[in-house]
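Chemist: return a 3D structure for these sequence lines:
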Amino acid sequence: MTDEWQAYQGIDKVYASHETVDHGIEEYVRGDIYTNNAESFIALFKCGVVGTFHHVSEEHMDRYLNKFSFHWDNRKATYGERKVSALKGIDGKRLIYKEPTNNED
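Modeler: Numbering: from 1, shown residues only. So this is what the prediction gives:
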């Protein structure tokens with residue numbers, strides 16, 4: 001679900017469906033179609049970037065978005081529930097050291 005911004009045209013070819021509301025004519029909700037969740041997620045992401053990270057690289061954007069997706073998906077959970085969910089999510093995964101890709105040495 002998006003607004004009518006031109007960049008979203010054709011998104012239905014990537015995802016199963018795509019519905020829009022037309023903010024240009026002051027349409028913000030049409031039945032179950034609205035952009036509040038997307039806008040709230042983007043606001044959460046922006047606050048994290050500005051307040052904590054200050055800059056995110058395109059190379060690691062997927063990691064930042066995954067981090068904030070986890071926070072968004074667990075926004076109604078208690079701290080303890082969120083911790084358990086995070087620990088379950090790392091089960092079977094291994095973090096390995098990798099040389100930086102832009103090593104200037």
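Chemist: low pLDDT regions in the protein?
Modeler: 99-105 (pLDDT under 70).
Chemist: how about the helices of it, start to end?
Modeler: 36-48, 61-73, 79-90 (DSSP state H).
Chemist: closest one to residue 97 among those helices?
Modeler: For those, the distance to residue 97 is smallest for helix 61-73, at 15.3 Å, taking Cβ to Cβ. For every residue, glycine as well, the C-beta is placed using N, CA and C.
Chemist: how near is residue 80 to residue 86?
Modeler: To residue 86, residue 80 is 11 Å away according to Cβ to Cβ, to the nearest Å.
Chemist: who has more neighbours out of those two?
Modeler: Higher neighbour count among residue 80 and residue 86: residue 86, with 12 against 8, using other Cβ atoms under 10 Å.
Chemist: how close does the more buried one get to residue 52?
Modeler: Counting by Cβ to Cβ, the gap from residue 86 to residue 52 is 17 Å.
Chemist: so who does residue 4 touch?
Modeler: 20, 21, 22, 23, 24 (Cβ atoms under 8 Å, 6 or more residues apart in numbering).
Chemist: ah, wrong one, I meant residue 41
Modeler: Residue 41 sits in contact with 68, 69, 72, where contact means Cβ under 8 Å, 6+ apart.
Chemist: quick one: which of these is most hemmed in?
Modeler: residue 68 (18 neighbours).
Chemist: for the closest residue to it other than its chain neighbours, the count of nearby residues, please.
Modeler: Once flanking residues are discounted, residue 68 sits nearest to residue 45: 4.8 Å by Cβ to Cβ, 6 or more residues apart in numbering. For residue 45, the neighbour count with other Cβ under 10 Å is 19.
Chemist: likewise for residue 98?
Modeler: Counted with other Cβ under 10 Å, residue 98 comes out at 6.
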